[in-house]
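J.: coordinates for the following, if possible.
(one chain, ligands or ions: 1)
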Amino acid sequence: MMATTFFSRPTGPTGAQKPAQPAPWVEKYRPKKMDDISSQEEAVAVLKRTMESANLPHLLFYGPPGSGKTSTILALARELYGPELIKTRVLELNASDERGIDIIRMKVKDFARVTVSQSVSGYPCPPYKIIILDEADSMTTDAQSALRRTMETYSKITRFCLVCNYVSRIIEPLASRCAKFRFKPLDDVSVRSRLQLICETEGVNCPAETIETLARLSEGDMRRSIMLLQSAHRLYRTDVITSDAICEIAGVVPTQMIETLMAAWQSKDFHRIEAAVGEAVRDGYSGAQLLSQLHDRFISDPHLTSAQKAKIAQSLGHADKCLTDGADEHLQLLNLMVAAF
Ligand SMILES: Nc1ncnc2c1ncn2[C@@H]1O[C@H](COP(=O)(O)OP(=O)(O)OP(=O)(O)O)[C@@H](O)[C@H]1O
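T.: Next up is the predicted model:
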């Protein structure tokens, strides 16, 4: 079933929640106000300016995962309508799988055509509703085309916000109807200070060095860093969380194993390579993670020439594509180590 919500998310640390199931930290610490959004100063500044006129255009937010796109539109909607009215004024569709043309024709159109009046409640409450289409890049082309007409027909009473990772997958006629906002991966300083805040509030025993590791491993994805922190906290409770513990939870391949693979590759001995790859796969490390760390190791190797590095990068790219297409991890790694001789 498609996840259709007339906006109902956990209301945060102080909000009314069922006591039995505490919210995951990614939801609990989702920014409630536009000012709480870290690291997206330009997008937030332009949106705030636009909000002052209370005449929002259709919006298109794009950028990498966990950079605050959904949080920003939800915070904006909360500032426009307040915590009560938001439930009836915002429709959020967030499943990637069932967003064919029928859904656009029925659910979206039905919600879009309902007229609302301006209400007085201490918030701007403009006389239109907002429809958030999360993961819009996974909508079929037909559904995207159908959306064009709906957007135009109901533009006086409904604003659309398309949220996606890959803007190139949004058809041009749809993209050109929206004001575009690019969200960048969060910088390390922002990730660290947000994690610090969570650690203090939740009483997590996490030294600065571990927070640095978390920020580095998350590569600008705030969601990933918070998820890792909460997993570590569940495991270690009041104990000190070390960087090694974070690496273990994140599935980072130990340096020793990468070096064994490198030594096997340098020996050009197939049996040695087969043994090293077999061990890495048996230990359960993901193929993508192994490729990523091998990439860093190869590229920073001072003994390899630029031509060799270019050849290796090509083989890595090929293996990565095959893995994305569903190929066998063991065979791809073996192929890479032999092809990159
Ligand atoms: N800029 C940010 N400032 C503060 N917290 C953030 C920010 N970006 C992400 N987060 C945290 O990460 C969680 C996920 O963020 P959000 O859903 O907004 O990401 P997204 O960019 O929409 O990701 P996706 O593309 O995967 O949908 C939030 O609940 C919040 O806790």
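J.: near the ligand, which residues of the stretch 151-300 of the chain are found?
T.: Contact residues, the stretch 151-300 of the chain versus the ligand (CB under 6 Å from any ligand atom): 163, 165, 183, 186, 194, 222-223, 226. No exception for glycine: its C-beta is placed from N, CA and C like everyone else's.
J.: now the residues you listed: which count as buried?
T.: Listed as buried from those are 163, 165, 183, 186, 194, 222-223, 226; burial here means 16 or more other CB atoms under 10 Å.
J.: what packs against the helix or strand encompassing residue 74?
T.: Assigned by DSSP states H and E, residue 74 belongs to helix 69-89. If contacts are counted by 3 or more CB pairs under 8 Å, 6 or more residues apart in numbering; DSSP states H and E, helix 69-89 sits against helix 41-52, strand 59-62, strand 90-93, strand 129-133, strand 158-164.
J.: contacting residues around the residue in the chain that the ligand sits nearest to?
T.: Going by CB to the nearest ligand atom, the ligand is nearest to residue 68 of the chain, at 2.9 Å. Contacts for residue 68 (CB atoms under 8 Å, 6 or more residues apart in numbering) come out as 31, 37-40, 183, 186, 222.
J.: ok, 10 Å please
T.: Residue 68 sits next to 30-31, 36-40, 43-44, 61, 74-75, 183-184, 186, 190, 222-223 when contact means CB atoms under 10 Å, 6 or more residues apart in numbering.
J.: center of this structure - which residue?
T.: Taking CA atoms, centre = their mean, the centroid of the chain lies closest to residue 65, which sits 1.9 Å from it.
J.: just give the closest residue to that one, not the sequence neighbours.
T.: Nearest-residue entry for residue 65: residue 221, 5.6 Å, with adjacent residues in sequence omitted and distances by CB to CB, 6 or more residues apart in numbering.
J.: okay, how far is it across stretch 129-145, tip to tip?
T.: One end of stretch 129-145 sits 21 Å from the other (CA to CA, to the nearest Å).
J.: centre of the chain to it, how far?
T.: Averaging C-alpha positions (CA atoms, centre = their mean, to the nearest Å) puts stretch 129-145 17 Å from its chain's average.
J.: show me what counts as buried in that stretch.
T.: By neighbour count on 16+ other CB under 10 Å, the buried set for stretch 129-145 is 129-137, 139, 143-144.
J.: wait, residue 293 touches residue 287, no?
T.: No: between residue 293 and residue 287 there is no contact, the gap being 11.2 Å when judged by CB atoms under 10 Å.
J.: ok, back up a step: may I ask which two of the buried residues of stretch 129-145 are separated the most?
T.: Maximum pairwise distance in these, criterion CB to CB, is 22.9 Å, between 129 and 137.
J.: what residues does the stretch 1-150 of the chain put near the ligand?
T.: 26-27, 29-31, 37-40, 65-71.
J.: if I pick the residue of the chain most remote from its centre, what's in contact with it?
T.: Centroid-distance maximum for the chain: residue 269 at 40.7 Å, with CA atoms, centre = their mean. Contacts for residue 269 (CB under 10 Å, 6+ apart) come out as 263, 275.
J.: I'd like the distance between residue 235 and residue 229.
T.: In this view, residue 235 and residue 229 are 11 Å apart by CB to CB, to the nearest Å.
J.: specify which residue of those two has the higher count of neighbours.
T.: Under the criterion of other CB atoms under 10 Å, the comparison of residue 235 against residue 229 puts residue 229 first, with 26 against 12.
J.: that older thread, between residue 235 and residue 229, what contacts are shared?
T.: Common neighbours of residue 235 and residue 229, using CB under 10 Å, 6+ apart, are 241, 249.
J.: can you tell me how far the closest residue to residue 286 other than its chain neighbours is from residue 229?
T.: With CB to CB, 6+ apart as the criterion, residue 286 has its nearest non-adjacent residue at 6.1 Å, and that residue is residue 251. Look at residue 251 and residue 229: by CB to CB, they are 15 Å apart.
J.: helix or strand: which one has residue 230?
T.: For residue 230, the host element (DSSP H and E) is helix 222-236.
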